[in-house]
Structures are given as C-alpha cells and as structure tokens.
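Colleague: got a predicted structure here, sequence first:
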Number of protein chains: 2
Amino acid sequence: MPLPQLLDHLKKTAALSQVAGLIAWDQEAVMPEAGAGQRAEQTGVLASVIHGFNADPRVPEWIDQIDKSSLSAFDLRNVEEAQRNYDRATRIPPRLAEESAKAASEGQRIWAQARAEKDFSKFAPALKRNIALRREAAACLAGPGEDLYDCLLDEFEPGAKSAELLPLLESLRPGLVALREKIAGKSAPQPLSGHFAADAQLALARKVAARIGYDFDAGRIDTVVHPFCSGNGGDVRITTRTDEADPLNCLYSTIHEVGHALYAQGAPDPYMPAADYCSMGVHESQSRFWENQIGRSRPFMDWLYPAMREVFGDLSAPGPDELYAAVNTVHSGFIRTEADEVHYNLHILLRFELERELIAGTLEAGDLEEAWNSRFARDFGEVVPDPSLGVLQDVHWSIGLFGYFPTYSLGNIYAACLDKAMRRDMPGRDTMVGAAETQPILDWMREKIHKRGRLLPAPQLIEEATGEAPSAQPLLDYLEAKFGALYDL
Amino acid sequence: MPLPQLLDHLKKTAALSQVAGLIAWDQEAVMPEAGAGQRAEQTGVLASVIHGFNADPRVPEWIDQIDKSSLSAFDLRNVEEAQRNYDRATRIPPRLAEESAKAASEGQRIWAQARAEKDFSKFAPALKRNIALRREAAACLAGPGEDLYDCLLDEFEPGAKSAELLPLLESLRPGLVALREKIAGKSAPQPLSGHFAADAQLALARKVAARIGYDFDAGRIDTVVHPFCSGNGGDVRITTRTDEADPLNCLYSTIHEVGHALYAQGAPDPYMPAADYCSMGVHESQSRFWENQIGRSRPFMDWLYPAMREVFGDLSAPGPDELYAAVNTVHSGFIRTEADEVHYNLHILLRFELERELIAGTLEAGDLEEAWNSRFARDFGEVVPDPSLGVLQDVHWSIGLFGYFPTYSLGNIYAACLDKAMRRDMPGRDTMVGAAETQPILDWMREKIHKRGRLLPAPQLIEEATGEAPSAQPLLDYLEAKFGALYDL
C-alpha cells in the first residue's frame, strides 16, 4: 500500500522536524549556557536524520506506485510535497550542504564582528562566499531556463516568481515614498513615557494573547532575546521580550507572534505537509494582520487603553486617541526591525532589489555597501551614517538567507487584502475589535486561511479568500487612510 | 579508519539520546497539555531512529576491524559498550519490542485504574503479560545457562548477578528489622509544623543546590509532579516539587536530584559510553550520599537551620538538634517513596525477592498480592490494609520494569561504603559539612567516581574508591550509629 506507507513516512518525518523545532525553541528559551556545544551536535545529527528521511529512496518508489487520479486534493498535495522535499534533499550534494552550513555559521560570526566594528569590508568576503554557495545550490535545484533567484525564493514562497513579485512589490514604492514625505513635515505625537515593570508587561501580553484566541493549553509564552513562534498543532509556543522603558515592544511583538501561533494552532493536521502553512508570506500576513490591522487599530484602543491602565496604573497618554497616536508613531529611521508601517516595506524593497542583483551577479558583494547607501538615500532621503545602521543591520545574508526578505512585504500586502475582504464580510468588525471580542475574526481566518493549509499556492489562496487577485492597492489604501487621518494630511 | 568511524557513530547516537532525554524532560516540566499526542509520536519515532543507530550493521563490522590490543582502556570500553548496545538492539525482535512497549503503556493505564479501585485482580492479567514479555526478552538476551532475571538486571546494573546480589542485600535484613523494632518502641520527635511558601522552598532549594556544587550555568531547576534529573555534561537539569505543609519534601528531593546531577555534570565526556555513569546503583549512591550522608547529617544542620530560618522566618524546631531529629524521623509506613533510611531498604528487599520469583516462574502473578502481604507482615510487622498501600503502590512492574528495584539498595550500600572511605580520607569532613563548604567532598567524589565513568564494573569501582569490596556493613554501622544516638537505643 504505497499511499499509507508514504503518509506514515511523512508523519514520522514531520514528528522529527517538530523535535528539531522544539530543541531550537529550548536553546533560545530555556537551555543553560553550557549546553550550547552539545546542542549544536544534537541539532546537526537530527538535521542529517531528517535529511535522510526526506531523501529516503523509497519515497519516489512509493510515489511512482500511487495512482494520482484516485487521490483526494489533500493527499495529492501531500504526494507533491513529498516529491518536492525529496528533490530538494537529493539534488543538493552533501558536500555543498555541508559547506553551506559551515559558511553560514562562519558568516554569522564574521558579520557580527564586522557590524560591531562598523566595517563592511570585513564582511564582504564571507558574503561573497555565501552568494557563490547559494548560486550553486540554486543551480542544482533549477529546472531548464529557471531563474536562480526564483529557486531560492521558492523555498520560502513556493511557486513564487520574481517576475511576478517585482511589479507587485514595486507598485508599493511610489505611494510609500509620497506618504513618507508628507508625514515627514508633520510633528510626531507624544510617545508613552514612564517605567513599565517587566512583570506587568508579561501579564498584559498573556491577557492580550488569550483574549485574541491564543490557546494556552496548546502553547506557552517565554522570554527570549529575539522573539519567535515555534511548533505545530497542540504545541505552539510563542516568545516575547520586555523593555521597561517601552511597553509597546513587548505588546506588539507578542501580538505578532500570536498571529503566527493562531495560524499554527489552526492547522488541520499537525503532521501532513498539505496541512502545513501555505508560504512564509501567508504566515507573515497572519502575524501582521493581528499586529497592525487589529492591534494598532483605533477600535482596539478602546479595549487596550483600560487594559494597560489596569496593569501599569496611570499612563502618560490621557486617553485611547492619544494611545492610538502613540502606537502608530511614524519616524524615519535606519533600522528595519524598528520601522513603522509606512517605512517598513521601503526597507524590504531595498533588500529585495539588492539581493536579486547579488544572486544574478549584476552587483558584486564588494560593491554592496555603496549600492545600499545610494538607494537608501533615494527611498528614505537620508544618508546612512555607518554600515551597522545600513548594510550590516540584518543577519539574513550572513547566514545565506536569500529570497526570504520579500515574504515580509508579501505578508503586509496579503494582510491588507484579507483585512479589506473581512471588513466587507463583517460590517460590525470595529465594534468587535473595540471590545476585543475577536472570535468571529479568528473564525473567518480559520475558515479562509488556516484550514486550507498548503492546498493552494499563496496568490490563489488569497484570491479565494478575498475574491480578488492580491495587489498592493489595499495596503496603500489602508496606509493612506490611516496615516492621512492620524497626521492630518 | 574503523575506530574513528565507530566513535563518531557513538557520538551521534549519544546526541540523539540526549535529544530523547530533552523531550522527555520537556514533557514533564514545560510542555503544554495539548502537546501530549504529538509528543508520544515524536518520542516513538526518535526511539526507533536511535534503535536503528544502535543496530546499525556497520557497528559489528567496524568492531571486527579494530585492533583491540592497541586501544586505550577508555576506547576498549567504548567498543565493548557499542557491542553490548548492538546486541541488545538486535537480539530482541522488533515484534517483541513493539509488543512490550504497547504492554507497558497499557499496563500503566490498567495499574493506575486498579490502584484507584484498590483491586489487585484487575491488574494481575496485565502484570502476567508483562512478566511473559520480559521473560521472552530475557531469553533473547541470555547466554548459555544464564539466569533470566540476571539478563534484566544487567540493563540497569551491568554485569551484576543475582547470585552475588542476593547475599549482599539479604545481609541487610536482620540488622534493619532489629533496628526498626527497637525504634518502634520509642516516641517520635516533633515534625516541622507551619506553612512554607512554595517560593521560599524553591529559593532554599536553589541555594542548597548551588552551595553543594550544582552548576546552574550547566543546568536549571523546574517543578514537576515526580522529580527526576536528566541530561549530560553541559546540560543537566533537575526538577523538584513543593508541598506547602512540608518543606522537607522539596529540600531533600532537590538534594537527591542534585546528587544525580553532580555525577552527570562531572562525567569526563558527554557522548562516549565509557564516560557514562557506571550503573544505576552507582548513580543512586550519588543521590543518596548527598541526600542522607550529607543532607541529613547532624553537621549539615548547623548550616541548614539558619538557612531555613532565613527563607521561612521562625521554625517550629527551636534549634539545629531538633531540626536534625525532625529530618530523621523514623516511622513505620506502607509506602516505599515515603520511607525513612531505616525502612527504605526493607521495602526494596521485599520487591527484589518477589520480582525474582515472578521472573523465575516460582510465583504466579495472580498470587502476588498474597505473597506481598504475608512478607510485608514478616518484615514490617504490619498488616497491609489495601493493595494501593501494598502491591499496587509502585509503577515499575506495570511498565515491565523488572531488575530495577535492587539498584536502589545498591545505591544505599555504595553510598555508605563511600561515606566510610571518605571519612577516613578526610578527617575534617564534619567541619566542612557544618559550614556547607563541600567542595573537597565533591572533588573526592569527582576523582573516585565521576571521572571514572564506566571504566570498571560497579563493585570494582567501589572497591578501588574505598579500598574495600562493597558490603552492607558500612550501611548497617552508619544506620545503627545514627539512629541509635537519635533514638537513644
């Protein structure tokens, strides 16, 4: 029975991947410091075991023997994903995989040093090596005439092509630049000031998380240096961090990770690849939707303001309107991860443009700093003072992660598409959000996105959910309406 | 190069076993409830992967090719252990392993139910099945003429033979029974009374743990239902529990697990089997030594009494002498895990005797309750009121664990042997313990036990450490001196 055998094998592979995810969570959240050496060994061995499962020669044999015409849509996708994972696992030679892992680990170390020393030239050779290795890997994966960058992109955004992504993302730029320029002339609202105890922040984070549907019986929250969400099905863990001068960091980082977690907790099956998340872009749409379209919306302030006063006592913001302004402050800045909704996608567009050129070979690693700085000036109207605030700010390229950045902007675009469609379907949404009675919102998302797993490619999934092909317009409309009102443009 | 290949394989196998240990820890300490189903799946797949590593057909090939005469003692033991693990993994047919795992899981469920209902007859068929399966497994492992029970014992106490263990353990009985009877006529000291906040208990537990050498940079402490210690080398985690009516439970359970943890943190290598713990009996000697010979000693009270007052405020015990009496209360009881030092080994002797007969087939599963009760009356002078306080109290047999119980008493015997030798080597020990300046004690144990790993069988290891073949006399002498003075016998 080749199908049950294949599905059983996929289930076991997924269970092992869950273990890999768990030990990665453990490392960041609870592992004692001296465990690092053994954890690296454990992680490496487990990765090679999982690779062996993906590359198991019985997989293509089972697939050959399966009558595809008799399969449900769900199982057909399982078979396709098994083939895809088999191909990815077998096409890249072990030597290249090993060299890439080593280059990533060294690259990260060199990058951290170069960033500390604010010296891009120290990082350029490691970057060059990563690019060469990723090009080599892409060439192993590429079909005839396939673009190398698309092969890398495909890992995070299955089926996406940069030829289609480019116009979609680029159509954001003029509107964002115009909005940024208009806001730059306006005075910024008062930020929240005061001391916000870490315990109180975590209590608020738990309250918000539970309120918007995060199931603590199937998860937990811990503090880490860089927050993330991990796990599947009945065990989806989120992490957060606190800064006692700024309660918004913990709050919105938590809501963001809860958005990811709701997607993972809502998957129709914890093991089958067809039930897994559709793409990184869709995953990011879930986190950004809850973070921005819900968590930074004016109605949500009606619930959030008293909730914050309850845990923190008096707030420097006199009421929900001022809190709304404070959580939506727009300020020009150099760092992507600190960027507001207006600037964020301009950061991504810059990286998408540069990494395509790096992989295509039309931009040399050694010339990247200059290219970064000139294009940053073009989009942001500011001069980058040093590379730690510019080309050296992100870890991604240092570990060989190319093709990942655009998924952040896809997430923002998809979130706005979903938001638009949901508002149409759910006229009373603002009232629900004002009371943080968000179950119908989660139900909508479960139905339209979570339960669909990986059945469709991301653009089709969004189109079926919203009734429209995804475009940047809903995001631009949302940003212009929101910040137009906030900044009296 | 067969040796490096074998050692690399052993290292990978150990790393995977560490992952299995970690996810077991996670399950008890931090996993959300709804993760149980996936965790069972993950645990099963990982166990079968580890089995595959142990049973890898290259292992005997490598071993064949290695010139044993050229090996260091350490590597010779690594090779022997690889062979032992290969034999254990390949001699038991997969069908039997699977059936045993299923019977263990069902057995535990049935046992819990039977215990709740206080009805041994409900459990007897599951017990009978476990015995049959363990006999079958033992027969797969047995050499010509080898005793079946010894094959089971060997898993926990490598090389031990019940023919040697029997006189060693049985030589405890007369002295213990006599001591128990003498104490029974005396009045018990005042127990500690009051309310002891869980937070304060955990603060004390951390303080004691760090004080006696537990390295928190290479470990952590969490609360669970049934405390245990898990991990190796740089990541050795302990667990504890609190009962707000009784601070001694948390305190001594923590010291006990720290004893195990010190052994694991002191191993000369985190991966190699020759560096692993010698036997379960030796492991237990480490936990019991710190718990009893140090933690329940009169000198330790000079440090513990003020430390307890510091976290709990006033104590019902007026001074260190009364605290010493309170932590060494002797009371007859039915439950092994609540037993004091005088009664504990009588519990073990009873189980050792019964499980040997069960495996030999001279006692039928269905007759176990009657046998338990009559022998309990013989050793403890009391009538078991119901099987939840008798034959159904321990989980071990329900999950097919036979041959494990005697290692508890071996631990107590070895701890007393080590204590005697250490006192001889270290005349100022009481003064150190009085100030909880125990580094020299740990250093002694590191040198004599921890650093030796699995180089020698347990009896030889103890003999080399103490200068005497292990016997029950030091334990009897220790108990008679301690409780003779405490109870004015």
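Modeller: Good, I have the coordinates.
Colleague: what residues are up against the residue sitting nearest the centre point of chain A?
Modeller: Compute the mean C-alpha point of chain A, and by C-alpha atoms, centre = their mean the closest residue is residue A:284, 4.3 Å away. Neighbour list for residue A:284: A:407, A:408, A:410, A:411, A:412, A:414, A:415 [criterion: C-beta atoms under 8 Å, 6 or more residues apart in numbering or on different chains]. No exception for glycine: its C-beta is placed from N, CA and C like everyone else's.
Colleague: would you say the last one is within a helix?
Modeller: It refers to residue A:415. Yes: when DSSP: H, G, I helix; E, B strand; the rest coil is applied, residue A:415 is found to be in a helix.
Colleague: pLDDT score for it?
Modeller: With respect to pLDDT, residue A:415 scores 98.
Colleague: which other helices and strands does the helix ranked longest in chain A contact?
Modeller: In chain A, taking DSSP state H as the definition, the longest helix is helix A:2-29. With contacts taken as 3 or more C-beta pairs under 8 Å, 6 or more residues apart in numbering or on different chains; DSSP states H and E, helix A:2-29 sits against helix A:36-54, helix A:58-65, helix A:73-91, strand A:229-232, strand A:235-240, helix B:2-29, helix B:36-54.
Colleague: so what's the nearest residue to residue A:5 once chain neighbours are set aside up against?
Modeller: Once flanking residues are discounted, residue A:5 sits nearest to residue A:62: 5.6 Å by C-beta to C-beta, 6 or more residues apart in numbering or on different chains. By C-beta under 8 Å, 6+ apart, residue A:62 lies in contact with A:2, A:3, A:5, A:6, A:9.
Colleague: got a ChimeraX select line for the buried ones in the residues you listed?
Modeller: Of the contacts of residue A:62, the buried ones go into a single ChimeraX selection, burial set by 16 or more other C-beta atoms under 10 Å in any protein chain shown:
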select /A:3,6,9
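Colleague: and the contacts of residue A:62, which is closest to residue A:386?
Modeller: residue A:9 (50.9 Å; C-beta to C-beta).
Colleague: show me the contacts for that closest one.
Modeller: Counted by C-beta under 8 Å, 6+ apart, residue A:9 has contacts A:53, A:56, A:58, A:59, A:62, A:82.
Colleague: didn't the first one look like it was pressed against residue A:11?
Modeller: No: in this structure, residue A:53 is not within contact of residue A:11 by C-beta atoms under 8 Å, at 10.6 Å.
Colleague: between those two, who's got more neighbours?
Modeller: residue A:53 (21 against 17; other C-beta atoms under 10 Å in any protein chain shown).
Colleague: relative to residue B:263, how far out is that one?
Modeller: 35 Å (C-beta to C-beta, to the nearest Å).
Colleague: and for residue A:478?
Modeller: 60 Å.
Colleague: looking at the two, which is more packed in?
Modeller: Taking neighbours as other C-beta under 10 Å, residue A:478 and residue B:263 compare with residue B:263 leading, 25 against 20.
Colleague: so after whatever helix or strand that one lives in, what's the next helix or strand?
Modeller: Using DSSP states H and E, residue B:263 falls within helix B:247-265. Next in sequence after helix B:247-265, counting helices and strands by DSSP H and E, comes helix B:280-288.
Colleague: tell me the angle of the helix or strand following that following helix relative to helix B:247-265?
Modeller: Following helix B:280-288 in sequence order, the next helix or strand is helix B:298-312 (DSSP H and E). With axes from the mean of the first three to the mean of the last three C-alpha atoms, to 10 degrees applied, the angle from helix B:298-312 to helix B:247-265 works out at 110 degrees.
Colleague: packing partners of whichever helix or strand comes after helix B:298-312?
Modeller: Downstream of helix B:298-312, the first helix or strand assigned by DSSP H and E is helix B:320-327. For helix B:320-327, the packing partners by 3+ C-beta pairs under 8 Å, 6+ apart come out as helix B:247-265, helix B:298-312.
Colleague: with adjacent residues omitted, what lies nearest to the residue nearest to the centre of chain A?
Modeller: Residue A:284 sits nearest to residue A:411 (C-beta to C-beta, 6+ apart), 2.4 Å away.
Colleague: surely the one you found is in a helix?
Modeller: Yes: according to three-state DSSP, the state of residue A:411 is that of a helix.
Colleague: tell me, how many residues neighbour it?
Modeller: 24.
Colleague: go on, the one 10 residues further on?
Modeller: Around residue A:421 sit 18 other residues, with neighbours defined as other C-beta under 10 Å.
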